[in-house]
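> Sequence and predicted structure, then a few things I'm wondering about:
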Amino acid sequence: MKIKSYFCSSVEEAISRARQELGPDAMLLQDRKAPPEARHLGAYEVVFATGPAEAVERAAAEPQPAERLAAEVAELKRQLEAMRRALTKSMFGPAQWLGAAPEMPEFYSLLTAQEVAPDLAREMVQAAASRCASTGSWYHALAEEIESRLQVEPALGRGEGRPGMTALVGPPGAGKTTTLVKLAVNFGLACRRPVLLISMDTYRVAAADQLRSYAAILGVGFQVLETLTALAQAIAENHSKELILIDTPGCAFGDLENSSDLARFLRSRGDIDTQLVLSSSLRSADLSRVIDAFEIFEPRRLLFTRLDETTAPGSIFTEAVRTGKPLSFFSTGQCIPEDLEAASAKRLRELILGASPARAVSAA
């Protein structure tokens, strides 16, 4: 008996090829969408067999190689997760959880798996144990713990004065320019407020051209400025604008000393709201390092992009708690202006714990 898989754009194409290569008696054993790692070979994987009828029937009744592999991978993941949970429970020694509610190590494991810092996770489950007396639910107790420790300020500018000014700073590739355009649409055009976009990014090739194109499409003011003197003059000349958004060059971690003049300027302006734009997909250690490095700008708020790309949002929570800085907005994709939302403690809590107690307990 011969078994062969075909990767094709359609099942019909696979059948045609199998009939040509294996003959008219080839029997279709299985068809399914190709797994992601084989998607480049074709949209569908179709398995055929040819040979004695009894052997073909037995093959049809048995799991195919792809199915067996998927089952083995799933079992391996289950075993690794069981090992991780066992290690988590013993991380601080038996005395750490002696006499504690069984939910404590389980929810500690859930929080650390989401990249909440271990010390913070331990502190939270211990505090949640006290809350449980009134809530009667570990999920709701932890939800209250998360929300009570977060500050959120989904706003632009530094008060009621005009113009409201916000500068976005951050590392290269964090999504500052795209986010700036989303803010201009949602908080400028949607509210019928006069907007001015300013680009200080004269380092990246065509960076200012990208923002100029967006400004032309939106019908808002736009300026490219090369010096801080020009920036101060532009701000003074546009006091009638209700919203000024300033795009700055992406500052690499080891290159921040070249941005010291810009940082000093933004720190000295009590009327400019500086927000640090960060990618949610950064590893916890890298995120902490970047935030600490950008403290030279003294950003007032943290804005996270690529929320749709992270599977462990606990690092966002950890850094918000560690720095004491409010979260302003979440960018959840590349679509303009839809993929922008006001930061909320509830949203981050649901990302960490799951949207329901049942899901949280299952994950734990």
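Sure, I can see it. Numbers count the residues shown, from 1 in each chain.

> just the helices in the stretch 201-350 of the chain please.
207-218, 228-237, 260-268, 284-293, 314-323, 345-353 (DSSP state H, counting those that start in this stretch).

> of all those, which lies closest to Leu189?
Nearest to Leu189 among the helices of the stretch 201-350 of the chain is helix 207-218 (6.2 Å), distances taken as Cβ to Cβ. (C-beta placed from N, C-alpha, C; glycine too.)

> Buried ones in the closest one, by neighbour count?
Using 16 or more other Cβ atoms under 10 Å as the test for burial, helix 207-218 gives 207-208, 210-212, 214-215, 218.

> Sketch out the strands for the protein, chain order is fine.
Using DSSP state E, the strands of the chain run over 2-8, 27-33, 44-50, 164-169, 195-199, 221-224, 243-247, 272-279, 301-305, 327-331, 340-342.

> Now tabulate those strands in JSON lines and tack on mean pLDDT.
As requested, the strands of the chain are arranged in JSON lines below (pLDDT from 0 to 100):
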{"stretch": "strand 2-8", "mean pLDDT": "81"}
{"stretch": "strand 27-33", "mean pLDDT": "79"}
{"stretch": "strand 44-50", "mean pLDDT": "82"}
{"stretch": "strand 164-169", "mean pLDDT": "93"}
{"stretch": "strand 195-199", "mean pLDDT": "92"}
{"stretch": "strand 221-224", "mean pLDDT": "92"}
{"stretch": "strand 243-247", "mean pLDDT": "93"}
{"stretch": "strand 272-279", "mean pLDDT": "95"}
{"stretch": "strand 301-305", "mean pLDDT": "96"}
{"stretch": "strand 327-331", "mean pLDDT": "95"}
{"stretch": "strand 340-342", "mean pLDDT": "94"}
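
> Would you reformat these as TSV and include mean neighbour count and distance to Gly175?
Shown next, in TSV, are those (neighbours: other Cβ atoms under 10 Å; distance: least, Cβ to Cβ, whole Å):
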stretch	mean neighbour count	distance to Gly175
strand 2-8	17	36
strand 27-33	15	32
strand 44-50	22	36
strand 164-169	24	9
strand 195-199	25	15
strand 221-224	17	19
strand 243-247	25	11
strand 272-279	23	6
strand 301-305	26	4
strand 327-331	25	6
strand 340-342	17	10
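
> what's near enough to touch the residue nearest to the spatial centre of the chain?
For the chain, Leu307 is the residue whose C-alpha lies nearest the centre (Cα atoms, centre = their mean; 2.4 Å). For Leu307, the contacting residues are 280, 313, 330-332, 351, by Cβ atoms under 8 Å, 6 or more residues apart in numbering.

> now with 7 Å?
Applying Cβ atoms under 7 Å, 6 or more residues apart in numbering, we find Leu307 in contact with 280, 330-332.

> buried residues in stretch 228-235?
Here stretch 228-235 shows 231, 234-235 as buried, counting by 16+ other Cβ under 10 Å.

> That'll do, ta.
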